[in-house]
Every structure is written in C-alpha cells, then in structure tokens.
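# compute the structure for the input listed below.
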Amino acid sequence: MSFTLSREDALKLLYDYTQSDSLRRHGLAVEQVMRCLARKYGEDEDIWGITGLLHDFDYERYPTAEEHPWKGNKILEELGYPEEIRTAIMGHANYTGVPRESLMAKALYACDELTGFIFAVTYVRPSKSVRDVKVKSVTKKLKDRSFAAKVSREEVEESIRELGVDRAEHIQFVIDALKEKAAELKGQMEESRSGIEQLETTTSQLRHILSSSQARGRWGERAVEDILQFIGLTEGIHYRKQSTQESGNRPDYTFFLPRKKLINMDVKFPFTHYERYLQEENEELKEKEKKQFLADVKRHIKTVAGRDYVNPEAGSVDYVLMFIPFESMYAFLNQEDHELIDYALSHKILLCSPITLYAILSLIRQAVSSFAMEQRAGEIQNLVHLFKSQWDRFVDKMDKLGHSLGTAQRHYDELRSTRTRQLEKPVEKILELDLKDEQQQLEAHED
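Purely as a prediction, here's the structure:
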C-alpha cells in the first residue's frame, strides 16, 4: 500500500494521541523551527516539519522511557512513515541509543529541548510574547538550574555541538523561527494559561470545600447522590437519609435490603492530613503527615464502629459501609497500609471507594429486585394453587350436574315413551268402550 506524506494526517495523529494543550503546542513549535532549519539547509521542509510535529506524539499516552518513543515508532512504522523520520524521532531521546547520523536527526535534537525552554522563558516575561525574548535572557535562565528544572542543560549544549553551530546564533535562530508564528503560538499559550488558571481556581475551591468535616460530609453525600442517581435508586423506596436511630445515632444513609434488613453507611472521612501530605515537599514532614493520616483513618473506623450502626434487633446487617470519596485516596490507603482493610473488617466496617460503592449498590438493587420477583412468584404460585382447588370443585359440581341431568334425561325419556304409552292404552280402551255403547244404543233404537 502506497503512503503519502501529509501534514494534515500528521496533525490529526498528534491530536488523536495528545490531549494536553502544552504538548500539542510544543509539537507545533518544534515543527515550525524544523521547517525554518530545513529552509536554512536546503532540505525538504515538509519532511523536516512533520518530523518535528510528531517527535513526541506518543508521549502523553506512553510517558515512560520503556515506551516513549518506542511505541510511537511502531505506530508510525505501521502507518507507513519513512524510516528517515522514524530514525530521527528515535534519536532525539538519548536513552534509546539510536545514533543521530542524519542532519535532520541532529536538527531535531538541537531544537527539541531548546524550544521548550524558550517557551518557559516567554511565559515569565511580562508581555508573555516570544518577540520580547532575548538571547541574553535565555542564556541567563539556562544557568539557573532551578528554572525549568526538567530541561536538561547538558542535552541543550550537546545538541548545539552536534549540529555544529554557534550557541548564541542557534538560540537566536530558534527565537526568530518562533516569532514567525508568534500570534498562533501565543493564542495556544493563552488558552493553556487560561486552562491552568481555571484549574488553580477549581483546586482552590475544592480545598476550601474540603477544609471542614461538615463540608467533606456534604462532598461525600454529593458523590453518593450521583452514584445513586446513576444506578436508579430512589429515596424512600430504596434508602433513607440521616434517619435517627433508637440509640440517637444518625447514619448518613440507610439502604433497604430484602426481608426487612438494613445496611448503614457513613460518608464523612478524615482529609486534613492527606491534603497536607500532598502539599508537603519536605520528605520528613511528608512521612509524618502520611502516618498521621493513616492514624486518623483507623481512629475514624473505631469511631464509626462505636456508633451502634450494627444493630440486629433493628434489622441491620453485621457490617457498616464507610465511603471514601476519592479513588486516589482509596488506592493510597491500600498501598500504604496493606492491613487496613482487614483492620476495618475486624471492626465490621467495609471501606468503599466510588467504584466499589457502585458495585455494592448495584448488587443491593439486584437483590431487592430479585427478592421482589421471588415474592411475586410465591404469590402467583399461591393463586395458582387456589385456582386449581376451585377448579377441582367446579369440575366435581359439573360432573354431578351432568349426572343429575343424565338421570333427569332418562326419567324424561321414560315418561315421554314408556309411561306415555302405558297411559295412552287405558284411554284408548275407555274410548273404545264409549264407542261400543253408542253403537249398541243405535242398533236397539232401530229395532
């Protein structure tokens, strides 16, 4: 099958595999620099540009050194991309061990890290415009290893040496190349910054929401409500909320089970030290916050276990559900304390993340439906037995009626035939006697 190199197809491939605006922008920026380098060296602008556009297209989906750019190379090979493009892309990652022998491979290596670094410098400029970035500013920031720390200074220097160009001239060349499409790239940068600001706002609001136990309870309730709505459970039919028990305790949710059984659930969960753990950068303090969080969880388990949510006399089952509103937190607990689930179960507490709660509530819904069906089946069976009993009586009465009708028919036939004939004989004789008397009287009169 023939392959036609197309920038439109390459761009679609980038967008299909990459959702991050920053990674998309980086691909477009490297493409722009590679096209300018191709013009400088008299090479094929489309081939060089597409190489720059796709050099990191698989990174978001396969970010590890074991996968990137190996996975991308395989995908490009299957799609029919030429070897010179794939080899250059493989060579831009030093750890692959693929040598950069072609000029295109050396050019890609020389503009990849540097382009990303220049964008970082642009972002901290007051104007946020690459037009205001100077070589001196880039050089100064390269010396500051705390700035854009993920950019390897060694690779930047090595790539410039391999390409065989002057350091300052090459930096200026990349800046000038980016200036050609500054408006387009700036628009994408603004979109990315806007997205980051929205994310920061959302994070701040979330942190505020989760700053108190009452707010965390409401957050947990909202998460549970979404699950209940999705499954199709209805308040008052399948569950009730915060109903006070005889003991005075108020579980957040009580779910109705078959045979008048109940299961209670608590949705409030300790969060403070987990939040601090995530924010803390000092390893020693981070470890301290983690231990405190795990201790808080165990303390909360004991507190819930002591609330009389398990009460067989009131119809509750032997376990209580404890809702953890974040999958990441649930995974963290399982990873950091392998005995926590057993500890919770020993206190008759079943820990539930959103996914596991969905599974449990789905099972409850199915059990209730199956029990209702079983009840209806029993009622139908009782009605069938009642119908059969009445039917047997009906058939018996019909048989008796048929027998009675048969007897009546025989009596009727007998009356209509035999009895009728027996009655007719004496009448006929009587009539004959009357006729004889009349005849004799006539004859006597004539004499």
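
# what about the helices in the stretch 1-150 of the chain?
7-17, 21-41, 45-54, 70-79, 83-91, 103-123, 135-143 (DSSP state H, counting those that start in this stretch).

# for the last one, buried residues please.
Just to be clear, that refers to helix 135-143. V135, S137, V138, K141, L142 (16 or more other CB atoms under 10 Å). C-beta here means a position set from N, CA and C on the backbone, and glycine is covered the same way.

# just list what that helix packs against, helices and strands only.
helix 103-123, helix 167-180 (3 or more CB pairs under 8 Å, 6 or more residues apart in numbering; DSSP states H and E).

# now the first one against helix 45-54, angle please.
Angular relation of helix 103-123 and helix 45-54 on a 0 to 180 degree scale: 50 degrees, by axes from the mean of the first three to the mean of the last three CA atoms, to 10 degrees.

# phi and psi next, for E101.
Per-residue torsions, E101: phi -100, psi -30 (degrees, to the nearest 10).

# so where does the residue positioned nearest the centre of the chain fall, helix or strand?
Closest residue to the average C-alpha location of the chain: I355 at 8.0 Å, with CA atoms, centre = their mean. Element membership of I355 [criterion: DSSP states H and E] is helix 354-414.

# for that helix, give the mean pLDDT please.
If you average the pLDDT over helix 354-414, you get 76.

# quick one on the thing from earlier: so can I have TSV of the helices of the stretch 1-150 of the chain showing mean pLDDT and distance to D266?
Shown next, in TSV, are the helices of the stretch 1-150 of the chain (pLDDT from 0 to 100; distance: least, CB to CB, whole Å):
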stretch	mean pLDDT	distance to D266
helix 7-17	91	42
helix 21-41	93	40
helix 45-54	96	51
helix 70-79	94	44
helix 83-91	96	53
helix 103-123	94	45
helix 135-143	93	52
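
# so which of those gets nearest E283?
Closest to E283 of the helices of the stretch 1-150 of the chain is helix 103-123 (CB to CB; 26.2 Å).

# what helices or strands is that closest one leaning on?
Checking 3+ CB pairs under 8 Å, 6+ apart, helix 103-123 ends up next to helix 21-41, helix 45-54, helix 83-91, helix 135-143, helix 153-163, helix 167-180, helix 182-209.

# returning to that earlier point: please tell me I have it right and the residue nearest to the centre of the chain contacts S328.
No - if you go by CB atoms under 8 Å, I355 and S328 don't touch, sitting 11.8 Å apart.

# which strand or helix spans I430?
Applying DSSP H and E, one finds I430 within helix 420-446.

# now that helix: mean pLDDT?
Per-residue scores along helix 420-446 average to 69.

# in JSON lines: the helices and strands packed on helix 135-143, plus distance to W48 and mean neighbour count.
Converted to JSON lines, the helices and strands packed on helix 135-143 look like this (distance: least, CB to CB, whole Å; neighbours: other CB atoms under 10 Å):
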{"stretch": "helix 103-123", "distance to W48": "6", "mean neighbour count": "23"}
{"stretch": "helix 167-180", "distance to W48": "12", "mean neighbour count": "18"}
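
# contacting residues for the closest residue in space to S152 that isn't next to it in sequence?
Excluding the flanking residues, the one nearest S152 by CB to CB, 6 or more residues apart in numbering is E113, at 6.2 Å. Shown in contact with E113 (CB atoms under 8 Å, 6 or more residues apart in numbering): V151, S152, E155, V156, S159.

# out of those residues, who's nearest D396?
Of the contacts of E113, the one sitting nearest to D396 (CB to CB) turns out to be V151, at 98.5 Å.

# can you report how many residues neighbour the closest residue to K286 other than its chain neighbours?
In space, K286 comes closest to E280 once its chain neighbours are excluded; the distance is 4.4 Å by CB to CB, 6+ apart. Residues lying near E280 (other CB atoms under 10 Å) number 16.

# how near is E280 to E327?
Distance, E280 to E327, using CB to CB, to the nearest Å: 22 Å.

# and if you look at G220?
13 Å.

# neighbour count: the two, which is higher?
Neighbour count, other CB under 10 Å: between G220 and E327, G220 has more, with 24 against 12.

# A helix includes the more buried one, no?
Yes - residue state for G220 (DSSP: H, G, I helix; E, B strand; the rest coil) corresponds to a helix.

# circling back to that earlier point, go ahead and build a PyMOL selection from the buried members of the contacts of E113.
Buried residues within those, by 16+ other CB under 10 Å, are selected in PyMOL with:
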select buried, resi 151+155+156+159
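
# now the contacts of E113 in CSV, with pLDDT and distance to A408?
Shown next, in CSV, are those (pLDDT from 0 to 100; distance: CB to CB, whole Å):
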residue, pLDDT, distance to A408
V151, 90, 114
S152, 90, 115
E155, 93, 116
V156, 94, 119
S159, 95, 119
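
# a markdown table for the contacts of E113, including distance to F269?
Listed next are the contacts of E113 as a markdown table, based on distance: CB to CB, whole Å:
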| residue | distance to F269 |
| --- | --- |
| V151 | 40 |
| S152 | 41 |
| E155 | 45 |
| V156 | 46 |
| S159 | 50 |
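
# farthest pair within the contacts of E113?
V151 and S159 (11.6 Å).

# what is the burial count for Y15?
Y15 - counted by other CB under 10 Å - has 12 other residues nearby.

# thinking again about what came up before, now the helices and strands packed on helix 135-143 as JSON lines including distance to H347?
Converted to JSON lines, those look like this (distance: least, CB to CB, whole Å):
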{"stretch": "helix 103-123", "distance to H347": "51"}
{"stretch": "helix 167-180", "distance to H347": "61"}
